[in-house]
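Undergrad: got a structure for you, letters missing:
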């Protein structure tokens, strides 16, 4: 087996193609996640799958976290949701933001209960529909 590099974080983010990889890398870098310091998992609905997805989706995400911890010694999980998310199916932006903020807290509690020594940060990308993306990650 090849030697694996150490990564600081595992980022869980949505597959939405409106968020270009280069733009995501910039947003992450602005939030103390320089490119090359984190593993990535892209899944429709991203972290939402940990609390509202199918058992298979949840298990897949948890396994990715376990592998990143084992192989790359990550010390945190970063859960990134975004506005105008089709997986959430909430058309009112204010209601969507309220649900997503509560979900981030629930996701963090769940992850901290499973992975006792991993930190959790999270945030919601704003401006998905317009392409004017912004992100402020918080420790959860």
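TA: Looks like it arrived, so ask away. Owing to the predicted nature of the structure, the values given are computational and were not obtained by experimental measurement. Numbers count the residues shown, from 1 in each chain.
Undergrad: where does the protein dip in pLDDT?
TA: Residues of the chain meeting the criterion pLDDT under 70: 1-3.
Undergrad: hang on, residue 126 packs against residue 83?
TA: Yes: look at residue 126 against residue 83 with CB atoms under 8 Å: they come within range, at 5.3 Å. C-betas here are computed from N, CA, C, even on glycine.
Undergrad: please report the distance of residue 67 from residue 41.
TA: According to CB to CB, to the nearest Å, residue 67 and residue 41 sit 10 Å apart.
Undergrad: what about the helices in this structure?
TA: Per DSSP state H, the chain carries helices over the ranges 21-30, 49-52, 55-72, 93-114.
Undergrad: closest to residue 136 out of those?
TA: When the helices of the chain are compared by CB to CB, helix 21-30 sits nearest residue 136, at 8.9 Å.
Undergrad: may I see the buried residues of the closest one?
TA: For helix 21-30, the neighbour count (16 or more other CB atoms under 10 Å) marks 23, 24, 25, 27, 28 as buried.
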